[in-house]
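Asks: everything below, folded, please.
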Amino acid sequence: MPPAELRRRWRAGEEVALLDVREEGPYSLSHPFFAVSLPLSQIELRILDLIPRLTAPIVVYDDGEGYAARAVPRIRALGYSDVSILDGGLAGYARFGEVFRDVNVPSKAFGELVEAVRHTPSLSADEAKALIETESNLVVLDARRFEEYRTMSIPRGVSVPGGELAFRAREIAPSAETTIIVNCAGRTRSIIGTQSLINAGLPNRIYALRNGTIGWTLAGHQVERGKAARFLDRPQTSYAAALADAKAWAERVGVKLLDRAAFERLRAEQDQRTLYCLDVRTPEEYATSHPDGFVSAPGGQLVQATDEWVGIRGARLVLFDDDGVRARMTASWLVQMGWDASIVGPDVVAPSESGLRAARRPAVPDIGAAAIGADEFAAHPSAWTIVDLTRSPAYTTGHIPGAHFVLASRFAEDLAKLPGDGAIVLTSEDGAEAALALPDARTATARDVRVLVGGTRAWTASSRELDRDHLSWISEPDDVYKRPYEGTDNAAQAMQAYIDWELQLVAQLANDSVSNFHVV
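Replies: All right, here's what the predicted structure looks like:
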């Protein structure tokens, strides 16, 4: 597909998925605006959820490594019928449109546009610290995922993920005189969270913490670790006001409320127009009960990282909640981001399922005589050369003793670097990725290749320990981009560079001109 045609489809709002089949590290350095990261080695594990319609148009690309040509038959083998390669790859595209750094770029660029258009109020780290230390009638709402909040937070912070803010903030700050500070790790969720509360009609003084915990840290202030303050109670006295204001704002933006007939019509058309059904409540609520066919996508994260759930630009999105506030507020942002987003409630799709939904995957192939059990492997570990295909952070956290880190996409170059000349045993988290990688491994080496049944999980299930001290990087561990806004060990230079990058996104967005964003 020519880059100009891809860009035409984006501007026209037509359905198309653009998949970058390199590893996430190279992807984070340069990619087109709506490109979704799906490394070659992860295709079978993730594509069925990312692209649920088998007839949807899919375009793949690389930067000359040859991954795209290898990806096409693998995607077609899963039943997808409209798969093409981007003409000229990344370099060819760069002659027609902007290329962007980092990950979740559309969401982050949108957040910067919101601040530019709405003049979202914010405080510097020093200004926020002074208020936190002197103002008693103040609350700090941390809009990140709870796991990020527990890793580090600012003083007085309470975990209220972004999609929950308009639903819960009035209950946490019932007085209009209470000052509210919304923070995240960088900029986007602070901006979107603050503006959500303003859009939802709260009369309070509301500020984003400018540059989030990054700005706080760069200013020399200390973060807190291991905090667990959460607000999970369903609002009572403030609910009626929250619902009325959410309805008014959603109507102003153009969010559609579907009745049962309209929703069933979308479902009946999902073979011709892709449909994503997303439950925007908390993961805990989803696990307790959710509508059949809906995926857990907490509202704040869905706005922050839409491409982690939705692989097809131009698709339809239907959001569910059981309160009428969270789905409306989340959909209001998605509509402004150019998505066809609607909402439904329990009167249309009653929650009938429980538990967390497993990722959709093809059946694991029968590996026959290549299978080796954990007991057989453990009886003679020195007889095998074990290769771990999990993502590099998981490998670092713990791996089978003696395991070497290799990326399946780089078998052709890297299996030859392994020590010894005996049989190779492939493992992965649960063995599925290893089984799927077996044919490529056999093509890349003359050595016998086996697969550990059940993967590393089977090893630990027998009370065997993992090694955390000895690392063997056969492949370069660029499979996961280290986000400079997560964790507590980020270099100041990397954090500052990230903020500087975010601040120039509006200009780059305007120069690229394919977003279809419109801030109300």
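Asks: would you list the phi and psi of the residue nearest the centre of the chain?
Replies: Geometric centre of the chain, nearest residue: Glu308, 3.5 Å, by C-alpha atoms, centre = their mean. Backbone dihedrals for Glu308, given as degrees, to the nearest 10, come out at phi -80, psi -20.
Asks: where do the strands of the stretch 151-300 of the chain begin and end?
Replies: Under the criterion DSSP state E, counting those that start in this stretch, the stretch 151-300 of the chain contains strands at 157-159, 179-183, 206-209, 256-257, 275-279, 295-296.
Asks: now for these, which one comes closest to Arg118?
Replies: Closest to Arg118 of the strands of the stretch 151-300 of the chain, according to C-beta to C-beta: strand 206-209, at 11.0 Å. Placement of C-beta: from N, CA and C, glycine included.
Asks: that closest one pairs with which strands, parallel or anti?
Replies: With DSSP bridges as the test, strand 206-209 is paired with strand 122-123 (parallel), strand 179-183 (parallel).
Asks: show residues contacting it.
Replies: With contacts defined as C-beta atoms under 8 Å, 6 or more residues apart in numbering, strand 206-209 is touched by 115, 120-123, 125, 128, 154, 179-184, 187, 190-191, 193-194, 197-198, 215-216.
Asks: may I see the PyMOL selection of the buried members of these?
Replies: The buried subset of the contacts of strand 206-209, as determined by 16 or more other C-beta atoms under 10 Å, is captured in PyMOL by this line:
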select buried, resi 115+120+122+123+125+128+154+179+180+181+182+183+184+187+190+191+193+194+197+198+215+216
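Asks: could you pull out the helices in the stretch 1-150 of the chain for me?
Replies: 3-12, 24-29, 43-50, 67-77, 89-93, 105-118, 125-134, 146-151 (DSSP state H, counting those that start in this stretch).
Asks: tabulate those (TSV), appending distance to Asp489.
Replies: Listed next are the helices of the stretch 1-150 of the chain as TSV, based on distance: least, C-beta to C-beta, whole Å:
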stretch	distance to Asp489
helix 3-12	37
helix 24-29	18
helix 43-50	28
helix 67-77	31
helix 89-93	30
helix 105-118	22
helix 125-134	19
helix 146-151	11
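Asks: export the ones you listed to TSV and tack on mean pLDDT and distance to Ile400?
Replies: Converted to TSV, the helices of the stretch 1-150 of the chain look like this (pLDDT from 0 to 100; distance: least, C-beta to C-beta, whole Å):
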stretch	mean pLDDT	distance to Ile400
helix 3-12	98	42
helix 24-29	97	24
helix 43-50	97	20
helix 67-77	97	27
helix 89-93	98	36
helix 105-118	98	36
helix 125-134	98	44
helix 146-151	95	26
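Asks: figure out which of those is closest to Arg483.
Replies: For the helices of the stretch 1-150 of the chain, proximity to Arg483 was assessed by C-beta to C-beta; helix 24-29 is nearest, at 8.9 Å.
Asks: which helices and strands does the closest one pack with?
Replies: Using 3 or more C-beta pairs under 8 Å, 6 or more residues apart in numbering; DSSP states H and E as the contact test, the elements touching helix 24-29 are strand 36-37.
Asks: quick one: low-confidence parts of the stretch 351-500 of the chain?
Replies: The stretch 351-500 of the chain contains no residues with pLDDT under 70.
Asks: would you list every one of the strands in the stretch 351-500 of the chain?
Replies: Taking DSSP E, counting those that start in this stretch as the criterion, the stretch 351-500 of the chain carries its strands at 371-372, 385-388, 404-405, 424-427, 449-452.
Asks: show me the contact partners of the second one.
Replies: Put plainly, it is strand 385-388. Contact with strand 385-388 is made by 377, 395, 399-400, 402-406, 415, 418-420, 422-428, 441, 447, 452, 456, 474, as judged by C-beta under 8 Å, 6+ apart.
Asks: point out the ones among the residues you listed that are inside helices.
Replies: Residues of the contacts of strand 385-388 located in helices (DSSP state H): 377, 395, 441, 456.
Asks: and for the nearest residue to the third one once chain neighbours are set aside, the neighbour number?
Replies: Nearest residue to Ala441, sequence neighbours excluded (C-beta to C-beta, 6 or more residues apart in numbering): Val449, at 4.6 Å. Number of residues near Val449 (other C-beta atoms under 10 Å) recorded here: 25.
Asks: next, count neighbours for Glu476.
Replies: 13.
Asks: now for it: which residues touch it?
Replies: Contacts of Glu476 by C-beta under 8 Å, 6+ apart: none found.
Asks: how close does it sit to Leu131?
Replies: Distance of Glu476 to Leu131, computed by C-beta to C-beta, to the nearest Å: 45 Å.
Asks: just Gly13 next, same as before
Replies: According to C-beta to C-beta, Gly13 and Leu131 sit 43 Å apart.
Asks: repeat for Ile343
Replies: Using C-beta to C-beta, we find Ile343 at a distance of 35 Å from Leu131.
Asks: higher neighbour count, the two?
Replies: Neighbours around Ile343 and Leu131, counted as other C-beta under 10 Å, are more numerous at Ile343. The numbers are 25 against 17.
Asks: element containing the nearest residue to the more buried one once chain neighbours are set aside, please.
Replies: What sits nearest to Ile343 in space, not counting adjacent residues and going by C-beta to C-beta, 6+ apart, is Ala327, at 4.1 Å. Here Ala327, judged by DSSP states H and E, is contained in helix 326-336.
Asks: list the contacts of that helix.
Replies: Here helix 326-336 has contacts from 110, 114, 163-167, 192, 196, 199-200, 246-247, 249-250, 253-255, 280-281, 299-300, 302-303, 306, 317, 319-321, 341-345, 517-520, using C-beta under 8 Å, 6+ apart.
Asks: please identify the buried residues of that helix?
Replies: For helix 326-336, the neighbour count (16+ other C-beta under 10 Å) marks 326-336 as buried.
Asks: all set, thanks.
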